[in-house]
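Enquirer: need the 3D shape of this:
(2 chains)
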2 protein chains.
Amino acid sequence: MSDDLWLEEIKWDEKGLVPAIAQEASSGKVLMVAWMNKESLLLTAEEGYATYWSRSRQKLWKKGEESGHRQKVLELRLDCDADVVLMLVEQAGGIACHTGRHNCFFRRFKDGQWVVADPVLKDPGEIYRSSTDE
Amino acid sequence: MSDDLWLEEIKWDEKGLVPAIAQEASSGKVLMVAWMNKESLLLTAEEGYATYWSRSRQKLWKKGEESGHRQKVLELRLDCDADVVLMLVEQAGGIACHTGRHNCFFRRFKDGQWVVADPVLKDPGEIYRSSTDE
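Expert: Sure, this is the predicted structure:
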């Protein structure tokens, strides 16, 4: 039981979730933000690869299970309020986003609009064989 | 009305909020994550300084208003799901966290525990004259 104290320290929201940021260790780029429940964070810590909780599918989401774009976790951090997790990761394939881009923050605010600022590196149709990963 | 289309594109959660990440442009460090509602994001874009929505105080929170630790927004980005905002900022005073640390992610997971890994740079009592900023 005492082994799970670190999980109890986290302030899970009313749905039992916290936001988890994946930041690429090599580039410093923020790759994506998804959600974790207790089980997914435990798996992430145990296996050393990011596992999220998919809110849309309501199930564990082992990032890269289908696409191969796994995220190896080099460092795991918690913020002062204990309600956000930050991971420093190695991004397999150099692609974190289901759109085939390096990261999910590819839209930049400019002149009152969100403008696509980063290129698609790989056709999503080539990344996913059947269903989508995200 | 059409001026606010960029705000309408955002998928606000059931409370009308999205998480907003402040990342330091110069160091690449993730400084903090807080929440924004429509009004706070509009103010952030208009003024060029981060304004959040304080969930605990249920009011607009102009970051640094008391502490002076304002965040000048150099770039504003939106993720693929349109439900997380990323800001590249200049952090005044080099301190983002109300604990007096550079950033809020100062606890690192090590051997089954969250271990404080970053130093306090300034006594919070010196930062805040009366109430707390966060």
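Enquirer: going forward, measure contacts between C-alpha atoms and count neighbours the same way
Expert: Fine.
Enquirer: so how far is chain B from the residue of chain A positioned farthest from its centre?
Expert: Most distant residue from the mean C-alpha position of chain A: A:D111, 29.2 Å away (CA atoms, centre = their mean). The gap separating A:D111 from chain B is 10 Å, by CA to the nearest CA, to the nearest Å.
Enquirer: just the strands in chain A please.
Expert: With DSSP state E as the criterion, chain A has strands at A:18-24, A:30-36, A:51-54, A:59-62, A:71-78, A:85-91, A:107-110, A:113-116.
Enquirer: can I get the ones you listed in TSV including mean neighbour count, mean pLDDT and distance to B:S26?
Expert: Formatted as TSV, the strands of chain A follow (neighbours: other CA atoms under 10 Å in any protein chain shown; pLDDT from 0 to 100; distance: least, CA to CA, whole Å):
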stretch	mean neighbour count	mean pLDDT	distance to B:S26
strand A:18-24	24	98	15
strand A:30-36	23	98	14
strand A:51-54	24	98	29
strand A:59-62	17	97	32
strand A:71-78	21	98	20
strand A:85-91	23	98	18
strand A:107-110	18	98	18
strand A:113-116	15	98	23
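Enquirer: switch those strands over to JSON lines; also include distance to A:H98.
Expert: Shown next, in JSON lines, are these (distance: least, CA to CA, whole Å):
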{"stretch": "strand A:18-24", "distance to A:H98": "14"}
{"stretch": "strand A:30-36", "distance to A:H98": "10"}
{"stretch": "strand A:51-54", "distance to A:H98": "14"}
{"stretch": "strand A:59-62", "distance to A:H98": "13"}
{"stretch": "strand A:71-78", "distance to A:H98": "14"}
{"stretch": "strand A:85-91", "distance to A:H98": "13"}
{"stretch": "strand A:107-110", "distance to A:H98": "14"}
{"stretch": "strand A:113-116", "distance to A:H98": "15"}
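Enquirer: I figured A:N103 hits A:V30, correct?
Expert: Yes - between A:N103 and A:V30 there is a contact at 7.1 Å, judged by CA atoms under 8 Å.
Enquirer: give the burial count for the residue lying closest to A:Q113 once chain neighbours are set aside, as a bare number.
Expert: Spatial nearest neighbour of A:Q113, excluding adjacent residues (CA to CA, 6 or more residues apart in numbering or on different chains): B:W6 at 5.5 Å. Residues lying near B:W6 (other CA atoms under 10 Å in any protein chain shown) number 14.
Enquirer: which residues does B:W6 contact?
Expert: A:112-114 (CA atoms under 8 Å, 6 or more residues apart in numbering or on different chains).
Enquirer: which member of those residues is positioned nearest chain B?
Expert: Taking CA to the nearest CA as the measure, chain B lies nearest A:Q113 of the contacts of B:W6, at 5.5 Å.
Enquirer: partners of that closest one in the sheet?
Expert: On the basis of DSSP bridges, A:Q113 is bridged to A:K110.
Enquirer: from A:V85, how far off is it?
Expert: The gap separating A:Q113 from A:V85 is 30 Å, by CA to CA, to the nearest Å.
Enquirer: what do you get for A:K15?
Expert: 16 Å.
Enquirer: please apply the same query to A:W61.
Expert: From A:W61 to A:V85 the distance is 16 Å (CA to CA).
Enquirer: repeat that for A:Q58.
Expert: In this view, A:Q58 and A:V85 are 20 Å apart by CA to CA.
Enquirer: to B:R107, which of the strands of chain A lies closest?
Expert: The closest of the strands of chain A to B:R107 is strand A:71-78. By CA to CA, the value is 5.3 Å.
Enquirer: using CSV, write out every CA atom in the closest one.
Expert: What follows is strand A:71-78, C-alpha atoms only, in CSV (Å, rounded to 0.1, in the frame of the first residue of the first chain):
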residue,chain,number,x,y,z
GLN,A,71,7.0,7.9,-25.9
LYS,A,72,9.9,6.8,-23.8
VAL,A,73,9.7,8.6,-20.4
LEU,A,74,13.0,9.9,-19.3
GLU,A,75,11.7,12.0,-16.4
LEU,A,76,8.4,12.4,-14.7
ARG,A,77,7.5,15.6,-12.8
LEU,A,78,4.6,16.9,-10.7
